[in-house]
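Undergrad: Let's see this in three dimensions:
(2 chains)
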Amino acid sequence: MAVIDAGPRSTFTGTIRVRLRTPARRRNLELFLLLGALVLAGGAMVLVELGALGRVGGTLLVLEGGLAVLVLLGHVAERVVAPDADPFVFPIAVLLNGVGIAEISRIDIAKGLGGWEAAGVRQIVWTGIALIVAFAALVLIRNHRVLQRYRYIAMFSAIVLLLLPVLPGIGRTISGARVWIAIGPFSFQPGELAKIALAIFFAGYLVTARDSLSMVGRTFLGMRFPRVRDLGPILVIWVLAMAVIVFQHDLGTALLYFGLFLVMLYVATGRLSWVIIGLLLFGCGAYIAGRSLNYVAGRFGSWLDAFNPAVYEKSGGSYQLVQGLFGLANGGLVGTGLGQGRPDIVPLAESDYIVASLGEELGLVGLFALLALYLLFVSRGFRIGFTGQDDFGRLLGVGLSFVVALQVFIVIGGVTRVIPLTGLTTPFLAAGGSSLVANWIIVALLLRLSDSVRNQPHWVVDTAPIPVMASSSDPSAAPAGGAS
Amino acid sequence: MSELTLLVLRLALLILMWFFVFVVVYALRSDLFGQRARKLPATAGASFPAAAAVAAPLAPAPVAAAATAPIGSRTPQPDATTPRRLVITSGPREGMEIDLPPEQLTIGRSSESGLIIRDDYTSTHHARLMLWNDQWVVQDLDSTNGTFLAGSRVMLPTPVPPGTPVTIGTTSFELRR
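TA: As a prediction, this is how the structure comes out:
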């Protein structure tokens, strides 16, 4: 952090001082963790090939090696553009992504897919693209406060991204949900990027609006409830979420956006009443949707009554859910071993059901390791938000990491039958380019946010003693400037 | 590839995954338990009153001598007694601790300040703390509402003894070792 203290403030001493960069301990720790993550990801891939094919080798490992080079290049770039960024976020994301690639390739092997047909190869290519996009974002956004200026642009782009799949021509309906766009051979889920744009917009909006949302209102039952006229924003977001349910048939995305707004509102205002109002609104909406929309009712039916043979046999019933549970049960405590289970029986085993596949082959122990990684990732994000200097950065950090947490909860909760199943991708693990790009952009933004809290001197992870510089006690420099 | 080797390898993968998790947790522990305390030399406690006594007569009055005086008139303190921490004792961020940077800490509303205080009383570039001869000196940068050292307004660069409150707007802080 070579900060040159020039300008009007330094007229007193009249010298230009360059603060020395603190030792790159954080980056070295990150490099160590990155190497560990890469070794683990490569090991998972080797085990998949050993378990499923009985031999090692082939193009997949070469492609993974290319990715490893890209990751290390990214690390070098980070040393230049974000030298004080958090050292944990990047390696955790690399490990999750690598384990995901290994499991997706394993399902390709089971299905006999190869080349560009194979989801694993596409996932590797998408990971490369996502890494490049993320580091472009890190280089371009040198100061996250710039994003606050573009909050309304972020809002409009979020709305446009949400509307794109509904447009005729480029919109596609895949397994009931109209959340895809297809241009030529490429299909993309724009809603994944919309969640970042929404987090930026919510953060920018709540920074300016939170006083009116938190200070006024009347107290009832020990809580301060907002005025009716301040309910506008939450109603707008509620209508948006309901529109996603009705027009795009996507429960998970609606829950994700609404939950994101609710949590950021709670963090910005510190008032529980907003959470209660929001949950009541969403509960009412979900109840009405469950009564009036067939597909929502179907989801609830196969959640509550999954093992009923009639529901199990029904088209669009609980077959997938139950097969996923059987897979998890087959895995047991330590799993069948990578490449040795039968995760491909479940429909969509490589995308929506990647967690069930991993649970079968890595077992409860492995699945909990992955959950622990998510926990660490999200806790780092909250920590970055907590230590941020400006309110926008703090809200953005909390929002971005919470959206990852909520998405993990919605997906894994759906697969393990804690909540009704909704089609969302597991961040970093599941096959899907749009999800990878979006989540890697979240990583880049978290790195940028954590780098910019470096000036907050209480944010010190390393325990190195602070060097006292000799130049400051140079007696001749100070008086010369003071007289001028 | 024998069954046994595969079994060992797949268990090794699980163990390594948890190992990775615990390495991260271990590296994170400073977040939970704070930084490891620095060992101070035994003389640190003894020289504390001396530092306070030296600072009692505040900066000399003549403007021309202002810049030179704090340096010339004071004996340099040994390195270990120089305050290293800034503790906010009252105000919105009460209780926050900052490790002082190597040579100066700028204070103000501007986002490029080292310590950003955002309230209605703080100027953009309000004040700064500088390390002169191993002693922290506070300088008011022509702020509108002033910087107060132990209740009196700072007009000239003034040494800040450890434990003396410095008030800027609604925030007070003091320097500690």
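Undergrad: pLDDT below threshold where in chain B?
TA: Where chain B drops to pLDDT under 70, the residues are B:1, B:30-80, B:111-112.
Undergrad: What ranges does it have for its strands?
TA: B:85-90, B:97-99, B:104-108, B:115-116, B:127-132, B:135-140, B:147-149, B:152-153, B:158-159, B:166-168, B:171-176 (DSSP state E).
Undergrad: Looking at these, which is nearest to residue A:253?
TA: Checking the strands of chain B against residue A:253 by CB to CB gives strand B:115-116 as the closest, at 37.1 Å. Every C-beta, even on glycine, is put in place using the N, C-alpha and C of the backbone.
Undergrad: Relative to the closest one, what are the paired strands and their orientations?
TA: Counting by DSSP bridges, the strands paired with strand B:115-116 are strand B:104-108 (parallel).
Undergrad: Who is the residue nearest to residue B:83 when sequence neighbours are not counted paired with across the strands?
TA: Excluding the flanking residues, the one nearest residue B:83 by CB to CB, 6 or more residues apart in numbering or on different chains is residue B:175, at 3.6 Å. Note on residue B:175: beta-bridge partners residue B:86, judged by DSSP bridges.
Undergrad: Quick check: residue B:175 vs residue B:85, distance?
TA: 7 Å (CB to CB, to the nearest Å).
Undergrad: where do the contact lists of those two overlap?
TA: Residues touching both residue B:175 and residue B:85 (CB atoms under 8 Å, 6 or more residues apart in numbering or on different chains): residue B:100.
Undergrad: So for those two, which residue has more residues nearby?
TA: Comparing residue B:175 with residue B:85 by other CB atoms under 10 Å in any protein chain shown, the one with more neighbours is residue B:175, at 22 against 16.
Undergrad: contacting residues for that one?
TA: Going by CB under 8 Å, 6+ apart, the list of residues near residue B:175 reads B:83, B:85-87, B:100, B:129, B:136, B:160-164, B:166.
Undergrad: Show me which of the residues you listed is closest to residue A:343.
TA: Comparing those against residue A:343 with CB to CB places residue B:85 closest, at 54.0 Å.
Undergrad: tell me the contacts of the closest one?
TA: Here residue B:85 is in contact with B:97-100, B:175-177 (CB under 8 Å, 6+ apart).
Undergrad: at 6 Å what do you get?
TA: Each residue near residue B:85 by CB atoms under 6 Å, 6 or more residues apart in numbering or on different chains is listed here: B:97, B:176.
Undergrad: and the gap between it and residue B:163?
TA: From residue B:85 to residue B:163 the distance is 11 Å (CB to CB).
Undergrad: One more: residue A:145?
TA: Counting by CB to CB, the gap from residue A:145 to residue B:163 is 35 Å.
Undergrad: Same question for residue B:12.
TA: Relative to residue B:163, residue B:12 is positioned 55 Å away (CB to CB).
Undergrad: Between those two, which has more neighbouring residues?
TA: residue B:163 (16 against 13).
Undergrad: Excluding chain neighbours, give the residue nearest to the more buried one in space.
TA: Closest to residue B:163 by CB to CB, 6+ apart is residue B:174, at 5.4 Å.
Undergrad: Likewise for residue A:142?
TA: Excluding its sequence neighbours, the residue lying closest to residue A:142 (CB to CB, 6+ apart) is residue A:81, at 7.4 Å.
Undergrad: what pLDDT does the one you found get?
TA: Listed pLDDT for residue A:81 reads 87.
Undergrad: Would you mind listing the buried residues in the strand or helix carrying residue A:288?
TA: Following DSSP states H and E, one finds residue A:288 within helix A:272-292. Neighbour counts over helix A:272-292 (16 or more other CB atoms under 10 Å in any protein chain shown) mark A:273-274, A:277-278, A:281-282, A:285-286, A:289-290 as buried.
Undergrad: Ok, stretch A:78-95 next?
TA: Buried positions in stretch A:78-95, judged by neighbour count with 16+ other CB under 10 Å: A:78-79, A:81-95.
Undergrad: quick one, what contacts the residue most central in space within chain A?
TA: With distances taken as CA atoms, centre = their mean, residue A:404 lies nearest the centre of chain A, 3.8 Å away. Contact analysis of residue A:404 by CB under 6 Å, 6+ apart lists A:378, A:427.
Undergrad: Is it in a helix, a strand, or coil?
TA: Look at residue A:404: counting by DSSP: H, G, I helix; E, B strand; the rest coil, its state is helix.
Undergrad: Tell me the spacing between residue A:435 and residue A:256.
TA: With CB to CB as the criterion, residue A:435 and residue A:256 are 12 Å apart.
Undergrad: what do you get for residue B:7?
TA: Distance from residue B:7 to residue A:256, by CB to CB: 39 Å.
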